[in-house]
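Participant: Need coordinates for the following:
(2 chains)
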Amino acid sequence: MTTMSYRHRVQSFCRWRTLAPLLALLFLCQACSSPATTQQAAAKAALAGQQLCDAALTTYKDLASFQQIDQDQQDQLNALSGSSHVAKTTSFAAELLPRIAAYQSLKETYATFGNLASTDFSGQSQKAASGLLDSVNALKAIPKLPDTVTKLIPDLTAQVVGQIQAGDVRKHSQVLAQLEKAYQAAWEADRVLWMQYVNKVYSSYADALPNVPDDAFDAKAVADQLKTPFAQKAQIPLFKQKLALDARQPVDHVEQDFDAVSKAFDLLQIAHAELQKKAPAPDVIGYTLDTALAIAKDVQPIKKQNDKKGA
Amino acid sequence: MAAAKQQQTSALDQLKQSLSDAIDAFTSNRFKILQQAMNDGGQADVDKVLSEYDTLRDGYFQLIKTQLDENNAQYDVLTKQAKAETKSLQSDIENLSAVTTVIDDLTTVVNLVGRIIMVLGVA
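Facilitator: Okay, here's the model as predicted:
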């Protein structure tokens, strides 16, 4: 009789004091966007962000390679004029270092954002809550909780944790969007200067080529390399043109790197703006991030052209 | 202050343009100039001209470096901001993990209570 009365009291308490707020919370959680969607999108944004940082770091690696390109080209021109003078080239290592450090830090930030987004905190908490309830129910001295509560609490714990996680993703998306804006501004401010550098390396070589005396080249070796049906007197000017075109490739490559990183920044900012919303549009985020990932993945290091430059 | 900086940048750009024009003029006539130097003073003069050309180019690149260095401080700030955000993210990850840890700890306590009850024969 006493036990029945006690159980009745527990059930009554659960029904009105516990179940009502729990059900209200559950309703509120379901009214919001699906945390799983937000988490998946955020995990993808983290990947795209890391890829963007890799693209920026590749660009810096490409820029660093220009000192050697410059050295090879100037030494080649010196040799063509019969001089053994070794050209003095300028290192930009001191300028590259703080930029590389900044993008390595940003990459780490995106990786941590990925950990926040991809870890299944909901599942972990649900499992833990089920374990707790099993332990409570195993205590013979305490009356068993009603089945409704036993079922509801783990689900609710998971949903609440999922909502906290989605809220964190929204909060950090806002910070990341601001960071991206600042990084992009610095990227664009530098871009003009880096292009002035690589363009001058190129023009210091390519603009000198037309005036290289023809007898500086081995006509037979040039003909063998070009394999064109043109007369011999046309072969050397064509070869000079080829040398200039080959020298242009790394410059165009770097320009494309800069474009790609700028575009990836634009797209990531759109995705992070969407992720700040309570109900982000999965198709907008999906398309934007897929495009950003593809663009950033396209940024590859410059291939060495030393073997193409022999005169 | 901003006006003075703008004036300085403008002067730097003008100087850079002058150096760039001089480099371009030398490059386009490189072989004629070197031929002339060879005729005038032999290999020593050629090497001297080439050293001066290197200095001219280095001067131009140093001006670009100066302008890039002006942006260096920005990158230091960005690095600090990125690191602070990483720390904040780590803290939120720890908080989310803590929910599971707290529940697991509670489970351990409940299991312990269960064992004590059994040992004491309360149930």
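
Participant: Only C-alpha atoms from now on, for both contacts and neighbour counts.
Facilitator: Fine.

Participant: Low-confidence ranges, chain A, go.
Facilitator: Along chain A, the model assigns pLDDT under 70 to residues A:1-36, A:140-142, A:305-311.

Participant: And the helices in chain A?
Facilitator: A:2-13, A:20-31, A:35-64, A:66-80, A:93-118, A:121-138, A:147-206, A:219-226, A:232-275, A:282-297 (DSSP state H).

Participant: of all those helices, which lies closest to B:S18?
Facilitator: helix A:147-206 (13.3 Å; C-alpha to C-alpha).

Participant: That closest one: how far from the chain's middle?
Facilitator: 8 Å (C-alpha atoms, centre = their mean, to the nearest Å).

Participant: again, but for stretch A:285-303
Facilitator: 8 Å.

Participant: max-length helix in chain B?
Facilitator: helix B:30-120.

Participant: Pull the number of nearby residues for residue 105.
Facilitator: In the absence of a named chain, chain A is used. Neighbourhood size, A:S105 [other C-alpha atoms under 10 Å in any protein chain shown]: 22.

Participant: try chain B instead
Facilitator: Neighbour tally, B:D105, other C-alpha under 10 Å: 14.

Participant: Pull the contacting residues for it.
Facilitator: Shown in contact with B:D105 (C-alpha atoms under 8 Å, 6 or more residues apart in numbering or on different chains): no residues.

Participant: again, but for A:L268
Facilitator: A:A45, A:A48, A:G49, A:A177, A:E180, A:T288, A:L289, A:A292.

Participant: now do A:A101
Facilitator: So A:A101 contacts B:T79 (C-alpha under 8 Å, 6+ apart).

Participant: same check, this time on A:I285
Facilitator: Applying C-alpha under 8 Å, 6+ apart, the residues contacting A:I285 are A:A41, A:I270, A:A271, A:E274, A:L275.

Participant: Please report how far A:L116 lies from A:L267.
Facilitator: Applying C-alpha to C-alpha, to the nearest Å, the value for A:L116 to A:L267 is 21 Å.

Participant: Could you save the contacts of A:L268 as JSON lines and add columns showing neighbour count and distance to chain B?
Facilitator: Below are these laid out as JSON lines (neighbours: other C-alpha atoms under 10 Å in any protein chain shown; distance: C-alpha to the nearest C-alpha, whole Å):
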{"residue": "A:A45", "neighbour count": "30", "distance to chain B": "15"}
{"residue": "A:A48", "neighbour count": "27", "distance to chain B": "16"}
{"residue": "A:G49", "neighbour count": "29", "distance to chain B": "12"}
{"residue": "A:A177", "neighbour count": "21", "distance to chain B": "12"}
{"residue": "A:E180", "neighbour count": "21", "distance to chain B": "10"}
{"residue": "A:T288", "neighbour count": "20", "distance to chain B": "23"}
{"residue": "A:L289", "neighbour count": "27", "distance to chain B": "21"}
{"residue": "A:A292", "neighbour count": "26", "distance to chain B": "20"}
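
Participant: I figured A:D70 was touching A:T89, is that so?
Facilitator: Yes - proximity of A:D70 to A:T89 meets the contact threshold set by C-alpha atoms under 8 Å, at 6.8 Å.

Participant: List the contacts of the residue positioned nearest the centre of chain B.
Facilitator: For chain B, the residue nearest the mean C-alpha position is B:Y75 (5.4 Å; C-alpha atoms, centre = their mean). Shown in contact with B:Y75 (C-alpha under 8 Å, 6+ apart): A:P98, A:R99, A:A102, A:A186.

Participant: hmm, 6 Å instead?
Facilitator: Contact analysis of B:Y75 by C-alpha atoms under 6 Å, 6 or more residues apart in numbering or on different chains lists A:A102.

Participant: quick revisit: comparing the helices of chain A, which stretch has the densest surroundings?
Facilitator: Of all the helices of chain A, helix A:35-64 has the most neighbours on average by mean count of other C-alpha atoms under 10 Å in any protein chain shown, namely a mean of 23.

Participant: What angle do helix A:282-297 and that one make with each other?
Facilitator: On the basis of axes from the mean of the first three to the mean of the last three C-alpha atoms, to 10 degrees, helix A:35-64 is oriented at 20 degrees to helix A:282-297.

Participant: Does helix A:35-64 pack against any helices or strands, and if so which?
Facilitator: helix A:93-118, helix A:282-297 (3 or more C-alpha pairs under 6 Å, 6 or more residues apart in numbering or on different chains; DSSP states H and E).
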